[in-house]
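> Show me how the following folds:
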Amino acid sequence: MSDGSTTNSSGFPNPLAWLGRGAIGLFAETGRLAIFAGRTKAAAFTPPWNLAQIWKQIVAIGFYSLPVVGLSAVFIGAALALNIYTGGNRFGAEQFVPNIVVLGITRELGATITGLMLAGRVTAGIAAEIGAMKVTEQIDALKTLSANPFRYLYAPRFLAACITLPVLVLISDIIGVMGGWLVSVFALDFDSTTYLRNTIDFLTMEDVVVGLIKAVIFGAVIAIMGCYQGSKSKAGATGVGRAATLSMVGAAVLVLASNYMLSTLFVRIGI
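Predicted coordinates for the structure are as follows:
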């Protein structure tokens with residue numbers, strides 16, 4: 001229709017126009033996000049660096065996330081061990097519980113669960129903080145003072161997330177494996193020494209590195225989504241709340257999508 005309406009002459013919705021507008025909007029939003037991510041990375045990897053802000057964000061993102069990451073990891077490891085034991089019991093393969101637990105935690109669940117937990121806690125917090133600064137015109141004040149928001153606000157959060165996520169994932173791996181050990185030894189009657197020896201013998205450095213590489217990517221996704229949605233927040237409490245919600249949902253979806261793509265890549269190159 002020449003007027004760009006999404007309804008036809010009879011008043012019913014035009015599905016092609018609706019799909020077209022949705023596709024154009026998706027591509028436009030993807031382009032804006034890509035440009036924002038590029039500018040954030042350029043500010044993050046070029047001097048000068050605001051070390052005080054980076055350290056502040058490392059504490060906020062990393063240290064204060066330890067309780068939720070630790071609790072999530074221990075229960076995920078425990079549940080994983082129980083389910084693997086149940087499945088292996090059907091084929092007489094219960095002895096492979098420690099092998100599969102450590103492989104699943106280090107290569108997949110440790111990084112993914114940590115990324116999702118921080119997508120809920122950190123991304124929403126960043127978006128709300130940046131959004132509040134946006135609606136109260138603090139970001140405009142920074143620009144007036146010739147301070148680059150990408151270098152002062154976004155880059156420190158980006159670097160802090162990329163630094164702290166691998167550390168949190170490594171801690172999550174250890175706690176998750178120990179959660180599986182606790183259930184296996186005290187609930188499933190595994191021998192503790194044998195369980196730990198099988199875990200150590202089966203674990204390889206490649207398994208740990210795969211999870212840490214994923215963690216760096218997840219950290220970048222979490223920080224960029226929080227900063228991006230916060231920077232385009234609308235005025236009022238509703239606008240800030242919507243930005244926090246959109247950032248959390250977007251970060252969670254992108255964490256899962258990037259996890260699949262990275263897993264596919266590692267399988268293809270044999271890691």
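
> Quick check: which element contains the closest residue in space to residue 53 that isn't next to it in sequence?
Leaving out its chain neighbours, the residue that sits closest to residue 53 by CB to CB, 6 or more residues apart in numbering is residue 156, at 3.9 Å. All C-beta atoms are positioned from the backbone trio N, CA, C, and that covers glycine. Assigning secondary structure by DSSP states H and E places residue 156 in helix 155-186.

> which secondary structure elements does that helix contact?
helix 15-44, helix 51-61, helix 66-89, helix 97-104, helix 110-118, helix 192-202, helix 205-231 (3 or more CB pairs under 8 Å, 6 or more residues apart in numbering; DSSP states H and E).

> lowest-confidence stretch among those helices?
Ranked by mean pLDDT, these end with helix 15-44 at the bottom, a mean of 85.

> That one - contacts with which helices or strands?
Looks like helix 15-44 contacts helix 155-186, helix 205-231 (3+ CB pairs under 8 Å, 6+ apart).

> Now do the buried residues in that helix.
Neighbour-count burial for helix 15-44 flags 33, 36, 37, 39, 40, 41, 43, 44 (criterion: 16 or more other CB atoms under 10 Å).

> and of those, the nearest to residue 69?
residue 44 (23.3 Å; CB to CB).

> The closest one reaches residue 159, doesn't it?
Yes - the pair residue 44 / residue 159 is scored as a contact, 5.2 Å apart, by CB atoms under 8 Å.

> Mutual contacts of those two, please.
With contacts defined as CB atoms under 8 Å, 6 or more residues apart in numbering, no residue is shared by residue 44 and residue 159.

> elements contacting the host helix or strand of residue 127?
Using DSSP H and E, residue 127 sits in helix 124-135. With contacts taken as 3+ CB pairs under 8 Å, 6+ apart, helix 124-135 sits against helix 205-231, helix 236-268.

> How far away from the center of its chain is that helix?
Centroid separation between helix 124-135 and its chain, computed with CA atoms, centre = their mean, to the nearest Å, is 18 Å.

> Please export the C-alpha coordinates of whichever helix or strand comes after it as PDB.
Helices and strands here follow DSSP H and E; after helix 124-135, the next one along the chain is helix 138-144. Coordinates of each C-alpha in helix 138-144 appear next as PDB, following Å, rounded to 0.1, in the frame of the first residue of the first chain:
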ATOM      1  CA  GLN A 138      23.800  13.300  33.500                       C
ATOM      2  CA  ILE A 139      25.100  11.700  30.300                       C
ATOM      3  CA  ASP A 140      24.300  15.000  28.500                       C
ATOM      4  CA  ALA A 141      26.200  16.800  31.200                       C
ATOM      5  CA  LEU A 142      29.200  14.600  30.500                       C
ATOM      6  CA  LYS A 143      29.100  15.400  26.800                       C
ATOM      7  CA  THR A 144      28.900  19.100  27.700                       C
END
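
> Average pLDDT for helix 138-144, rounded please.
81.

> what does it rub up against?
Contacts for helix 138-144 (CB under 8 Å, 6+ apart): 130, 133, 148, 149, 152, 153, 231.

> Write the PyMOL selection for whichever of those residues are buried.
A single PyMOL command selects the buried members of those (16+ other CB under 10 Å):
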select buried, resi 130+133+149+153+231
